[in-house]
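[1] Quick check, what structure comes out for this input:
(chains A and B)
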2 protein chains.
Amino acid sequence: MALIVHKYGGTSMGSTDRIKNVAKRVAKWHDAGYQIVVVPSAMSGETNRILGLAKEIMADPDPRELDMIASTGEQVSVGLLAIALQALGKKAVSYAGWQVPIKTDSSYTKARIASIDDAKVNADLAEGKIVIITGFQGVDELGNITTLGRGGSDTSAVAIAAALKAQECLIYTDVDGVYTTDPRVVSDARKLNTVTFEEMLEMASLGSKVLQIRSVEFAGNYRMPTRVLSSLTDPLMPLAEEIVSGTLISFEEDTNMEQATITGIAFNRDEAKLTVFGVPDKPGIAYQILGPIADANIEVDMIIQNQSVEGKTDFTFTVPRGDYNKAMDVLNESVKAHIGAGNIIGDSKVSKVSVVGVGMRSHVGIASQMFRTLSDEGINIQMISTSEIKISVLIDEKYMELAVRALHKAFGLEAA
Amino acid sequence: MALIVHKYGGTSMGSTDRIKNVAKRVAKWHDAGYQIVVVPSAMSGETNRILGLAKEIMADPDPRELDMIASTGEQVSVGLLAIALQALGKKAVSYAGWQVPIKTDSSYTKARIASIDDAKVNADLAEGKIVIITGFQGVDELGNITTLGRGGSDTSAVAIAAALKAQECLIYTDVDGVYTTDPRVVSDARKLNTVTFEEMLEMASLGSKVLQIRSVEFAGNYRMPTRVLSSLTDPLMPLAEEIVSGTLISFEEDTNMEQATITGIAFNRDEAKLTVFGVPDKPGIAYQILGPIADANIEVDMIIQNQSVEGKTDFTFTVPRGDYNKAMDVLNESVKAHIGAGNIIGDSKVSKVSVVGVGMRSHVGIASQMFRTLSDEGINIQMISTSEIKISVLIDEKYMELAVRALHKAFGLEAA
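    Numbering: from 1, shown residues only, chains lettered A, B, ... in the order given. Predicted structure coming up:
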């Protein structure tokens, strides 16, 4: 019997009436003969509410205790959804991450999944039960509760789907699919029926906030077909329609080669850049700068090292804006004197805009078209970074929307 | 180093400011050289709120899922209290029941503690940490979360104190001790400095709702000195004063023999009685009636079987009012035909009033004084039950307050 994993976000779980709707949808799939595992988020606002209590007590609370607190929202959700399914006459059982168990490392508030035990869940499915598992969390080797970071329920869902060898992972959310760019920025953005895994990876990591990037990585590692679709439709809509709705993240590139060269325009408003001047140009220097940054659990995105002049070079990289002050402290305290660098400067008001598409591989001139479009709008490019299927530029935050709209139009991505 | 267990109720944990006050009090004890384990309840109203969501979805939800949901309130509390202690510069670590682990049976919503592992907690205490453990919950052999039922945090605290061989278990609550009766019913009720374990057992089980009865049983089984005291005092009040405040449940009877014959008047408003008529008077019949009741997890309190007439007798017992309908169903469905009984009737508007005191053992005439007092007030006695240190009567609910006040006065229990 085919197994499908459903994931529902906080908005979909936001009230008991909405939870009843989720239960109706899940029951419909179960009635159609699928085995179902559901991964719900906490009720919307709940995790923020309880973490807010912690912040009222202390500005910078212990991450282990934050995870202890933050993990409870999903635990309430799974219990409520189990009850809602039982109210519809279904057999249902809920598990917290530690009960499955979903083993993670010990990086509190941003843990990574190490393994998922499928024994209990498979036994329940074999008995005809619908299994409901908390998203966003797991347990480390020592039995401490960990969370995967915001949006981690997507990652949980895809990882669980992979561990259980599900046929497909359905991510129900408050948007009805993946668009060529954020429709709030470009009103005629177009919904994509499929995107390749690699495109989705670039779209997600670059800020089209439909799916958490790690969930896309998991989907890719395990070639798990993952579909983003709306939870706002009638829960009893015909299954045949629902099955093909939304946007499928596909692993079949060929079908996409017929499509447009560029799939979408991604962006990330909340970037910050840091530059270390006068860095001695010798082997190992990049590691000596970025090692301490990584040790502080800060993710580095774009990296540029200029051609050296008189044995010195400048080194620039970007980090999430929320980590800007921490990164600056690390550079000043652990890096600057150690490597004998000069000044350190930064700018926390920069944004990244990217054009993404697998078709780019076989087409020349995408980069020049992008740069010309931005130039026509008078937008200065601060940094450039490229991969096989995307070109990203760092620009002043205030031009971000303008850049996205101009590029969306220039590459002909509007809805027909 | 002496170990003390503190337990704080939901009101004491009711806001972040109150949690900070709890932290100040705990830190004061730790500063004075005690090792401290804290068992907090959920923030007041929180458990009702989330269980209310479950009831919105289904009238009679699965107890396993209820425990999954209900256990989260305490998990938030332990995390917040750990953070509040860390904000005061203390090392503190929180654990959910399953992490200790606190093993229980699988009676969801009313589980019983089977064992408590002291290894992790002792290791933390040895490192100078304050350890905070969720009350009210544990984990069964299969890894399912269980709760101990309302008020179960008291039981958790005393059981943890016993397992860790603590010097004393302090139950901080919104009353400042145990009174001769409920001050809301009798305004000049007097606070007791000590009560014996046996008296407390009768007082708690009979409805003086200061401590959950199972916590008193645990205290008795392990001879764990347990003190009820107020959390509403200044958290920084001198320790010498706080140490002797409240009411100590003592295991030294002799000191009490000098005191008044009667220690207090207990009562339980929410009783219900059921009578099975025409029961064949033969061996095993009580078991055949009460066995199915016990199997349905209903606690039976008073039991009366009348002298038989022509081989038939009547059998009456009381249960908590909340279990009245369930008990009636069990009698009608599983008992009546099986034993060949006649009619079954019941009354769900009865209350129990008891006089309690170890001094009763060496004094005659307590019962007759009690009955005369009730008779003088025109109160009819429906059932009587006695033990070595208490006499209980079942009366019409509407006379309960009157009976308690009259008995409190008749036995001279008023504050001086």
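[2] Just read off the phi/psi values of the residue of chain A positioned farthest from its centre.
    Relative to the centre of chain A, and counting by CA atoms, centre = their mean, the farthest-placed residue is A:Glu310 at 42.0 Å. Dihedral pair for A:Glu310: phi 50, psi 40, per degrees, to the nearest 10.
[3] which residues touch A:Ile4?
    Residues near A:Ile4 by CB atoms under 8 Å, 6 or more residues apart in numbering or on different chains: A:Trp29, A:Tyr34, A:Gln35, A:Ile36, A:Val37, A:Ala166, A:Gln167, A:Glu168, A:Cys169, A:Leu170. Every C-beta, even on glycine, is put in place using the N, C-alpha and C of the backbone.
[4] circling back: for the residue farthest from the centre of chain A, list the residues it contacts.
    A:Glu310 neighbours (CB under 8 Å, 6+ apart): none.
[5] A:Ile145 and A:Gln137 touch, don't they?
    Yes - the criterion here is CB atoms under 8 Å, and A:Ile145 meets it with A:Gln137 at 6.4 Å.
[6] So the two - more neighbours on which side?
    A:Ile145 (30 against 27; other CB atoms under 10 Å in any protein chain shown).
[7] And for A:Ala240, the neighbour number?
    Neighbours around A:Ala240, by other CB under 10 Å: 8.
[8] What's the first helix or strand after the strand or helix carrying it?
    Per DSSP states H and E: A:Ala240 is located in helix A:239-243. Using DSSP H and E, the next helix or strand after helix A:239-243 towards the C-terminus is strand A:247-250.
[9] Below-threshold pLDDT in the stretch 1-150 of chain A: ranges please.
    A:150 (pLDDT under 70).
[10] For the stretch 1-150 of chain A, what lies in contact range of chain B?
    Residues of the stretch 1-150 of chain A lying near chain B by CB under 8 Å from any CB of the partner chain: A:16, A:19-20, A:50, A:53-54, A:56-58, A:61-62, A:64-66, A:68-69, A:71-73, A:75-76, A:78-80, A:82-84, A:86-87, A:93-94, A:96, A:98-99, A:143-145.
[11] if I look at A:Thr173, how far off is A:Val404?
    Going from A:Thr173 to A:Val404 by CB to CB, to the nearest Å gives 21 Å.
[12] These two: which is more packed in?
    Set A:Thr173 next to A:Val404 and count neighbours by other CB under 10 Å: A:Thr173 wins out with 24 against 21.
[13] Am I right that that one is in contact with A:Ser12?
    Yes - when contacts are counted by CB under 8 Å, A:Thr173 is listed as touching A:Ser12 (7.4 Å).
[14] Now do the shared contacts for these two.
    With CB under 8 Å, 6+ apart as the test, A:Thr173 and A:Ser12 both reach A:Ser231.
[15] hmm, back to that, so which bits of the helix holding A:Ala240 are buried?
    For helix A:239-243, a neighbour-count test (16 or more other CB atoms under 10 Å in any protein chain shown) marks A:Glu242 as buried.
[16] CA atoms only: put it into CSV for me.
    C-alpha atoms of helix A:239-243 as CSV (Å, rounded to 0.1, in the frame of the first residue of the first chain):
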residue,chain,number,x,y,z
LEU,A,239,-8.6,13.5,-4.6
ALA,A,240,-7.8,13.3,-8.3
GLU,A,241,-7.6,17.1,-8.4
GLU,A,242,-5.7,17.5,-5.2
ILE,A,243,-3.0,14.9,-6.3
